[in-house]
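J.: give the three-dimensional model of this entry:
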Amino acid sequence: MVTLTIDGREIQAEEGTTILEAARENNIYIPSLCYHEEVTPYGACRLCLVEVARNRRERLVASCLYEVVEGLVVKTNSERIVNNRRMIMELLLARCPNNKTIQDLARQLGVEKTSFKLEDKQCILCALCVRVCQEVVGVSAISLVNRGVDRQMATPFYEPSDVCIGCGACAYVCPTGAIGFEDVGDTRHIRWPNNEMECKLKKCKTCGQYWAPEKQLDYIIKRANLSPDAFDNCPDCRD
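T.: Alright, predicted model coming up:
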């Protein structure tokens, strides 16, 4: 265990814990859009910036990436931090001016409008979808492509992905709702910012309802070495 101070409050945290994790474990609020406990921290949104002091040196760091150390002093809401967060929020608000999540967080951080040129995006390029697809699902169906202002989340060559299993994990973790899916009849329609694709759903042999993507169930059967008929019935109709 290491002892550190956050906003004047002395706390203890496991070695290897990040500042953001330590803060959340102690009910200390630090805003973040690109963090999720199930995937590797990425530091994309920069909203989790905090001010740290160590060995007489003060600097700004991304709290989702910076690990706690003995004697570390952290400020989460200093004037310097507030000003930097508001600037970052202005940039996000300019990129996604019509997104409710961004609008609400901007107001929470004291930003009512932006001085930057407005776009009409929904994706903030946090890469949560990419990371969960790679690290949790294990298929890498999507990635970040291009550079600079042309940076986008997309499938290879912007074509329907051959490896996507239609699980919808990317939509579940997306903080702004830029990714969505809908089940219509026997088909799941997945909507990404730059393209769409369809996945066939499995039909329950008992009740006849379509309940999960066939490719997802086949993937689970292969990974878990289950019987080929393991998912012939939906959860409601299993013994």
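J.: hey, let's count contacts and neighbours off CA atoms from now on
T.: Noted.
J.: and the gap between the closest residue to residue 129 other than its chain neighbours and residue 11?
T.: Leaving aside its chain neighbours, residue 129 sits nearest to residue 170 (4.3 Å; criterion: C-alpha to C-alpha, 6 or more residues apart in numbering). Applying C-alpha to C-alpha, to the nearest Å, the value for residue 170 to residue 11 is 34 Å.
J.: and if you look at residue 115?
T.: Going from residue 115 to residue 11 by C-alpha to C-alpha gives 39 Å.
J.: re earlier: I'd say the residue nearest to residue 129 and residue 126 touch.
T.: No. Assessed by C-alpha atoms under 8 Å, residue 170 is found out of contact with residue 126, at 11.6 Å.
J.: which one's more surrounded, the two?
T.: Counting neighbours by other C-alpha atoms under 10 Å for residue 170 and for residue 126 shows that residue 170 has the greater number, 25 against 21.
J.: any idea of the pLDDT on residue 239?
T.: pLDDT, residue 239: 69.
J.: meant to ask about residue 160, not that
T.: 87.
J.: which one is it nearest to, not counting chain neighbours?
T.: Distances taken as C-alpha to C-alpha, 6+ apart place residue 197 nearest to residue 160, at 5.4 Å, with adjacent residues excluded.
J.: for the one you found, list the residues it contacts.
T.: 160-161, 189-191 (C-alpha atoms under 8 Å, 6 or more residues apart in numbering).
J.: top of those by number of neighbours, please.
T.: Ranked by the number of neighbours (other C-alpha under 10 Å), these place residue 190 first, at 20 neighbours.
J.: mind checking how far it is from residue 91?
T.: Residue 190 is 28 Å from residue 91, where distance means C-alpha to C-alpha.
J.: what's in contact with the longest helix along the chain?
T.: Using DSSP state H, we find that the single longest helix of the chain is helix 79-95. Counting by C-alpha under 8 Å, 6+ apart, helix 79-95 makes contact with 46-47, 49-51, 60, 102-103, 106, 109-111, 113-122, 124, all of which sit outside it.
J.: so which of these are in helices?
T.: 102-103, 106.
J.: ok, of the residues you listed, which one's closest to residue 29?
T.: Lowest distance from residue 29 to these (C-alpha to C-alpha) belongs to residue 106, with 15.3 Å.
J.: any weak-confidence spans in this structure?
T.: Of all residues in the chain, those with pLDDT under 70 make up the ranges 239.
J.: how far away is the residue lying farthest from the centre of the chain from residue 234?
T.: The C-alpha centroid of the chain is most remote from residue 206, which lies 36.4 Å away (C-alpha atoms, centre = their mean). As judged by C-alpha to C-alpha, residue 206 and residue 234 stand 8 Å apart.
J.: now swap in residue 208 and tell me
T.: Counting by C-alpha to C-alpha, the separation of residue 208 from residue 234 is 9 Å.
J.: quick check: residue 206 vs residue 231, distance?
T.: Applying C-alpha to C-alpha, the value for residue 206 to residue 231 is 11 Å.
J.: the lengthiest strand in the chain - which strands sit beside it in the sheet, and in what orientation?
T.: In the chain, taking DSSP state E as the definition, the longest strand is strand 196-203. Sheet neighbours of strand 196-203, with direction, are listed as strand 187-191 (antiparallel), strand 210-213 (antiparallel) (DSSP bridges).
J.: in CSV: those, plus distance to residue 149.
T.: Formatted as CSV, those follow (distance: least, C-alpha to C-alpha, whole Å):
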stretch, distance to residue 149
strand 187-191, 22
strand 210-213, 34
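J.: among the ones you listed, which comes closest to residue 6?
T.: Nearest to residue 6 among the strands paired with strand 196-203 is strand 187-191; the distance by C-alpha to C-alpha comes to 40.7 Å.
J.: thanks again, I'm all set now.
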